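Trainee: prediction below, plus the sequence it came from.
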Amino acid sequence: MRSLPLALIVLLAIAMTACGTDVGSSEPAYASPPGVSVVLAGSSGPAQASLWIDGELNNLGAAKVSGLFADGGVVYANGTSGILNRATLWRDGEAERIPGGGAAVTSLWVEDGIPYSVGHAGFFEKTAYWVDQELVSLDELSLAPPIITVENGEVYIAAATGTIGRPSIWQGGEWTELPERDAVIADMFVENATVYVAGEYSIQGLAGVWIDGVLNPVDDPAAVITHVFVENGVVYLAGFYGSQSIAAYWVDGQRFDLPEDSALIADMFVKDGVVYLAGSSGLTGAAAFWVDGERTDLAAPNSAVHLIFVTDRT
């Protein structure tokens, strides 16, 4: 997402700022819709990872955020920080080192106040996950960033495993490959112990959703699905379609196009049937989020947003 500056003086400055969190004092970058709190994660400048909580900037310093979650009034994030790219967990902006040599984290889930991170650990970059600070190593390589979901204490991980990257799901303590070995997993969601995986299959790169391992092709042959979310059995997808890469989302198969000619969806969240999307719009890639297709721009120049989480306003 962002690259570190090369000059030594700038590197030293980054190392110093990585130790703490700076809460923005300027006007909010956006207003959340009534009744909810919109949390965004991304960057507010070169190598400056940032969270926006109801538009208020929280600067995490020299870092890169990979996962975002809010639970019990606490905002969690994970990723890497400092010039050494240390695996890091933030709770309300307070940084904690994630243990393990060579650790790198790519996704985050929180259940009952317990953060679960997933990524790689060790010299051979074996897939691993962390229950808070406890490292659990899995005896498989992962050739793509693994994704984690937790439900009732059960850990689910989607990854491309092995030396050739077979699409697989970790569930019940073991890996299960998708039947289509040429599939590429883009996202995963779990509801009521049903596993939903979105991605593509076949050499034509067709879009599909696997429900407990059974492939359901997306009707639009030109679609590319990057995100899946399920609420009360309703399947929500996001991505783009067509030769002009039109950003869109799907609700139980019905497609809704974003009105912008140039838009990129980086993340999706659904709450009470309302679809929230985060990403960028316009030729300059201005940071924005959408609520049921209506765009809100961030009043924060040179910023980018990659993750979104929505909770009830307290």
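Mentor: Perfect, I can see it now. Being a predicted model, the structure only gives us computed values, none of them experimental.
Trainee: how many other residues sit next to residue 217?
Mentor: A count of nearby residues for residue 217, using other Cβ atoms under 10 Å, gives 13. Yep, even glycine has a C-beta here, placed from its N, CA and C like the rest.
Trainee: begin at 15, not 1, for the rest of this chat.
Mentor: Got it, the first residue is 15 from now on, which makes the last one we talked about residue 231.
Trainee: is it in a bridge, and if so with what?
Mentor: Note on residue 231: beta-bridge partners residue 222, judged by DSSP bridges.
Trainee: contacting residues for it?
Mentor: By Cβ atoms under 8 Å, 6 or more residues apart in numbering, the residues touching residue 231 are 220, 221, 222.
Trainee: now residue 109, nearest residue through space, not along the chain?
Mentor: With sequence-adjacent residues excluded and distances taken as Cβ to Cβ, 6 or more residues apart in numbering, residue 109 is closest to residue 102, at 5.3 Å.
Trainee: who's in contact with the helix or strand containing residue 94?
Mentor: Here residue 94 sits within strand 88-95, counting by DSSP states H and E. When contacts are defined by Cβ under 8 Å, 6+ apart, strand 88-95 is touched by residues 32, 53, 55, 63, 65, 67, 74-84, 100-107, 109, 112, 118-119, 122, 124, 127, 129, 131, 323.
Trainee: about what we covered before: residues contacting the residue nearest to residue 109?
Mentor: Residue 102 is in contact with 77, 92, 93, 94, 95, 109, 110, 111, 112, 119, counting by Cβ under 8 Å, 6+ apart.
Trainee: for PyMOL, what selects the buried ones among those residues?
Mentor: Burial among these is assessed by 16 or more other Cβ atoms under 10 Å; the matching PyMOL selection reads:
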select buried, resi 77+92+93+94+95+109+112+119
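Trainee: can you list the buried residues in stretch 316-328?
Mentor: Buried positions in stretch 316-328, judged by neighbour count with 16+ other Cβ under 10 Å: 317, 318, 319, 320, 321, 322, 323, 324, 325.
Trainee: can you list those in TSV and add pLDDT?
Mentor: Below are the buried residues of stretch 316-328 laid out as TSV (pLDDT from 0 to 100):
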residue	pLDDT
317	96
318	97
319	98
320	97
321	98
322	98
323	98
324	98
325	98
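Trainee: tell me the one of those nearest residue 254?
Mentor: Residue 254 lies nearest to residue 320 out of these, by Cβ to Cβ, at 16.1 Å.
Trainee: list of residues touching the helix or strand residue 151 falls within?
Mentor: Secondary structure from DSSP H and E places residue 151 in strand 148-155. Applying Cβ under 8 Å, 6+ apart, the contact partners of strand 148-155 are 113-114, 117, 135-136, 138-144, 171, 173, 175-177, 182, 184, 189.
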